[in-house]
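Student: kindly return the folded structure for what I paste below:
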Amino acid sequence: MTATLPPGLPAILVFDLDGTLIDSAPDIARAVNATLAGHGRRALSVAEVRGMVGDGSASLLRQAFAATGAPLDEGGVQEALARYLDIYFAQSAEPSCLYPGVAPTLGALHAAGIALGLCTNKPERIARKLLDLLDLARLFGAVAGGDTLPVRKPDGRPLARVIDALGGGPAAMVGDNANDVKAARAVGIPVVAVSYGYPRMAVADLGADLVIDRFADLPAALARLGTRPDSPPAGR
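Tutor: The predicted model follows:
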């Protein structure tokens, strides 16, 4: 598959995780509902949880408790968050959660010498465990989670950290929601959005440079997109 990759791809590609590489909403919903049950709250549907994903685990828990009764105070949020993270970390992950085309496309990009990074708002230890379980960890040279720095996407600093860790140079972001687009804009790199993820708004309104419907279409889309010669140095 490596030989079929088009020329003109950026040296570095940084990916979001939830809604971009994996359909994590069912697993997240199980952990959220176990946490809610411990507080006597009703379970949320996967569709409800999917609409809450993207801003980090604390935000997810705040939304989940607000949707099922009285909101928690900050102390309660932190207590529930610790429980949720332990439950989620203990869960396994099946290859079926990977979106179609993700594994072979990432493998081809890596084999072609493109440096791959991950920038997610999911806690870093959970993101790294999922990459291990899904046999993707070997492909990624740098990972930033929602707790790696004091800030998370849409702030551009976690993305810049990943790009710097991969050596700097022409880069592009691949994600599924506005946080990914804003982070990419903050560091001056192009961004491709997938149409199948958790955007929480019309995908056409995200402001991405390109939108793809299938992950396998990413190399061709990046070749069309190229990199912007007038962009500031990646990761700065």
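Student: surely residue 36 meets residue 66?
Tutor: No. If you go by CB atoms under 8 Å, residue 36 and residue 66 don't touch, sitting 11.4 Å apart. All C-beta spots, glycine's among them, are computed from the backbone N, C-alpha and C.
Student: the two - which one has more neighbours?
Tutor: The residue with more neighbours, out of residue 36 and residue 66, is residue 36; 21 against 12, by other CB atoms under 10 Å.
Student: for the most far-flung residue of the chain relative to its centre, give its distance to residue 189.
Tutor: The outermost residue of the chain, judged by C-alpha distance from the chain's mean C-alpha position using CA atoms, centre = their mean, is residue 40 at 30.5 Å. Separation of residue 40 from residue 189 (CB to CB, to the nearest Å): 46 Å.
Student: and if you look at residue 59?
Tutor: Separation of residue 59 from residue 189 (CB to CB) stands at 25 Å.
Student: more neighbours, these two?
Tutor: Comparing residue 59 with residue 189 by neighbour count (other CB under 10 Å), the higher total belongs to residue 189, at 27 against 17.
Student: what strand or helix carries the more buried one?
Tutor: Assigning secondary structure by DSSP states H and E places residue 189 outside every helix and strand.
Student: so residue 218 is in contact with residue 174, correct?
Tutor: Yes. Contact criterion CB under 8 Å: residue 218 and residue 174 qualify, at 6.5 Å.
Student: shared neighbours of these two, which are they?
Tutor: When contacts are counted by CB atoms under 8 Å, 6 or more residues apart in numbering, the set common to residue 218 and residue 174 consists of residue 192.
Student: where's residue 174, which helix or strand?
Tutor: With elements delineated by DSSP H and E, residue 174 resides in strand 171-175, which encompasses its position.
Student: between the helix or strand just after that strand and strand 171-175, how big is the angle?
Tutor: Stepping forward along the backbone from strand 171-175, the first helix or strand reached (DSSP H and E) is helix 178-187. Per axes from the mean of the first three to the mean of the last three CA atoms, to 10 degrees, the angle that helix 178-187 makes with strand 171-175 is 170 degrees.
Student: list the buried residues of helix 178-187.
Tutor: Neighbour counts over helix 178-187 (16 or more other CB atoms under 10 Å) mark 178, 179, 180, 181, 182, 183, 184, 185, 187 as buried.
Student: so which elements touch the next helix or strand after that helix?
Tutor: Remark: after helix 178-187, the chain's next helix or strand is strand 191-194, criterion DSSP H and E. Strand 191-194 sits against strand 171-175, helix 178-187, strand 210-212, helix 218-225, with contacts defined as 3 or more CB pairs under 8 Å, 6 or more residues apart in numbering; DSSP states H and E.
Student: now do the strands in this structure.
Tutor: In the chain, strands defined by DSSP state E lie at 12-15, 115-119, 140-144, 171-175, 191-194, 210-212, listed in chain order.
Student: turn the ones you listed into TSV, columns for mean neighbour count.
Tutor: Formatted as TSV, the strands of the chain follow (neighbours: other CB atoms under 10 Å):
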stretch	mean neighbour count
strand 12-15	28
strand 115-119	25
strand 140-144	20
strand 171-175	29
strand 191-194	26
strand 210-212	16
